[in-house]
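sequence and computational prediction follow.
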Amino acid sequence: AAMLRALRRCRPGPVPLPGLAAALGPGPSPGLCPAWAPRAVPARGRKTRHDPPAKSKAGRSGQTPPCAGPGQELRALPWPCRAEFRAEVLQKKREERLAAEGLPEELEEHRRLMAWNEEENARQRARREERLRKEEEEQKRRKSEIAEKQARKMEAFLEEKEKEVLQLQEEAKSFITPENLEARIEECLDNPRNYNFAIDKDGRIVKRTVLS
């Protein structure tokens, strides 16, 4: 009985506005059935400014973390720069320590060894540059030889194809065409050839039939 009364209320026809408003309540759809009227659903994918943050982003802040210490800038440099910088710092510290200890002989020996090291590095650099230059020249020479060989091969190929074209042009002079068809027929009739013959092992004709 309650279901029938609800269906009667939903049948088309004029409905009193006070009763409809009371039945629908504060919903945004006054033109639909009171029992089946949908309510507004917020759009998915975007939150309002009043929504709380997600659980995975609850502890995040928009501030950049501070630098950990004076060595952080050194860690941010590339490793070749770090190695060179560290070597310079160690050399300066060593020189200061030797100078503070009052050992000029050791300081002079250290400077002499550093000068010899620089000379040896320059000599090795010159040898390496000379080796790289020779390798580059050898690579260029090999590329040039390969290019010349390919050029000679292409030239021989073109000469062979040119000879084949000339031979075909020479053979084309004896081809039967619509223009010389009548003349070639007359020539064959005037000069009959008999291919009905027998040959021996040496290829000599030993027997031939007479044309009728």
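Noted; the coordinates are in hand.

what's the longest helix in this structure?
The longest helix of the chain (DSSP state H) is helix 104-171.

so residue 199 touches residue 208, yeah?
No: using C-beta atoms under 8 Å, residue 199 is not in contact with residue 208, being 9.8 Å away. Backbone N, C-alpha and C define where each C-beta goes, glycine included.

against which helices or strands is the helix or strand hosting residue 88 packed?
If you go by DSSP states H and E, residue 88 is part of helix 79-101. When contacts are defined as 3 or more C-beta pairs under 8 Å, 6 or more residues apart in numbering; DSSP states H and E, helix 79-101 packs onto helix 72-76, helix 104-171.

turn the ones you listed into a markdown table, including distance to residue 190.
What follows is the helices and strands packed on helix 79-101, written out as a markdown table (distance: least, C-beta to C-beta, whole Å):
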| stretch | distance to residue 190 |
| --- | --- |
| helix 72-76 | 103 |
| helix 104-171 | 23 |
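
ranking those helices by mean pLDDT, which is last?
Of all the helices and strands packed on helix 79-101, mean pLDDT reaches its minimum on helix 72-76 (a mean of 56).

show me the one of the helices and strands packed on helix 79-101 that comes nearest residue 90.
Ranking these by proximity to residue 90 (C-beta to C-beta) places helix 104-171 first, at 12.0 Å.

and residue 107, how many neighbours does it have?
A count of nearby residues for residue 107, using other C-beta atoms under 10 Å, gives 16.

ok, and the closest non-adjacent residue to it?
Nearest non-adjacent residue to residue 107, counting by C-beta to C-beta, 6 or more residues apart in numbering: residue 98, 4.4 Å away.

that neighbour touches residue 108, doesn't it?
No: using C-beta under 8 Å, residue 98 is not in contact with residue 108, being 9.4 Å away.

compare the two (neighbour count), which wins?
When residue 98 and residue 108 are compared for neighbours, residue 98 comes out ahead with 18 against 11, by other C-beta under 10 Å.

residue 179 should be in a strand, yeah?
No: secondary structure of residue 179 (DSSP: H, G, I helix; E, B strand; the rest coil): coil, not part of a strand.

number of residues surrounding it?
Counted with other C-beta under 10 Å, residue 179 comes out at 7.

ok, it to residue 165 distance?
22 Å (C-beta to C-beta, to the nearest Å).

what does residue 149 give?
Note on residue 149: its distance to residue 165, by C-beta to C-beta, is 25 Å.

if we can go back for a sec, could you check the angle helix 104-171 makes with the helix holding residue 88?
Orientation of helix 79-101 against helix 104-171 (axes from the mean of the first three to the mean of the last three C-alpha atoms, to 10 degrees) gives an angle of 160 degrees.
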